[in-house]
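Asks: attaching a predicted model along with its sequence, questions to come.
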Amino acid sequence: MATVVAGFSMSLDGFVADRSDNVGPLFDWYGNGEVEVRWPGNDMVSHTTPQSANYLHDLIDGAGALVVGRRIFDYTSGWAGRHPLGVPVWVVSHTVPDGWPRDDARFTFVTDGVPRAVAEAKAAAGDKAVGVAGPNIAQQCLNLGLLDEVRVDLVPVLLGDGIRFFDNLARAPSMFEDPEITEGDRVLHLRYLVRR
């Protein structure tokens, strides 16, 4: 059965973006190495260290579906209809945006909540992972007990303010197992299983 995984690049002070949704130096690690990583869903290419490339290949190869919030969908302009992972995407939204759904895009809009979106994505993913993108959706999944794993790409920078990965937690303290750690260049990839 599919596992549900939330992952973000995060500053040392816990932010995944500034107040304007800009990630700034949090994504620098995607371009600070010699190893080319091609994303299957579009023409995006990253250049990382060998360690980060292995981490990304594991993520790419293990992805079966994605659940995102409307905010990240709008911010990315719906990835022009093709998410970089190349997997079907469920968008949690109060309304379906104009011009969607589209025949040329594997996007499903769910207007009745995160649990339904996760259930549909898990059914589609089979035994692969369901990725969760967007801090609000990740927080809801954690609060509802739907999250199996958390990945943090910890970047050595302090943003001082912005959008937190872990905010609005109803289930606190939330316990995790010891991390699996992969060291990249100016990033630590931390993989935690959620303790049940």
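Replies: Received, thanks. Residues are numbered from 1 along each chain as shown.

Asks: what about Thr108, which helix or strand?
Replies: strand 107-110 (DSSP states H and E).

Asks: and that strand, which residues are buried?
Replies: For strand 107-110, the neighbour count (16 or more other CB atoms under 10 Å) marks 107-110 as buried. C-beta coordinates here come from the backbone N, C-alpha and C atoms, glycine included.

Asks: average pLDDT for stretch 169-189, rounded please.
Replies: On average, the pLDDT along stretch 169-189 is 93.

Asks: what's the first-to-last distance across it?
Replies: Taking CA to CA, to the nearest Å as the measure, stretch 169-189 stretches 23 Å from start to finish.

Asks: again, but for stretch 128-139
Replies: By CA to CA, the extent of stretch 128-139 from end to end equals 21 Å.

Asks: start at 537, not 1
Replies: Fine by me, first position is 537 from now on; the one you just mentioned is stretch 664-675.

Asks: got the contact list for that stretch?
Replies: Stretch 664-675 is touched from outside by 538-544, 552, 595, 598-605, 607-608, 621, 623, 628, 650, 654, 657-658, 677, 683, 685-686, 699-705, with contacts defined as CB atoms under 8 Å, 6 or more residues apart in numbering.

Asks: out of those residues, which end up buried?
Replies: Neighbour-count burial (16+ other CB under 10 Å) applied to the contacts of stretch 664-675 gives 538-544, 552, 595, 598-605, 607-608, 621, 623, 628, 650, 654, 657-658, 677, 683, 685-686, 699-702.

Asks: quick one: which of those residues sit in strands?
Replies: Counted as lying in strands by DSSP state E, out of the buried ones among the contacts of stretch 664-675, are 540-544, 552, 599-605, 628, 685-686, 699-700.

Asks: spatially central residue in this structure, please.
Replies: Taking CA atoms, centre = their mean, the centroid of the chain lies closest to Ala669, which sits 3.5 Å from it.

Asks: quick check, Arg687 in contact with Ser545.
Replies: No: using CB atoms under 8 Å, Arg687 is not in contact with Ser545, being 9.7 Å away.

Asks: what about the two, which has more around it?
Replies: Ser545 (23 against 20; other CB atoms under 10 Å).

Asks: bridging residues for that one?
Replies: Counting by DSSP bridges, Ser545 is bridged to Asp689.

Asks: give the contact list for it.
Replies: For Ser545, counting by CB under 8 Å, 6+ apart, the contacting residues are 552, 559, 562-563, 565, 689, 691, 723.

Asks: could you do Gly569 as well?
Replies: Counting by CB under 8 Å, 6+ apart, Gly569 makes contact with 583-586, 588-589, 720-721.
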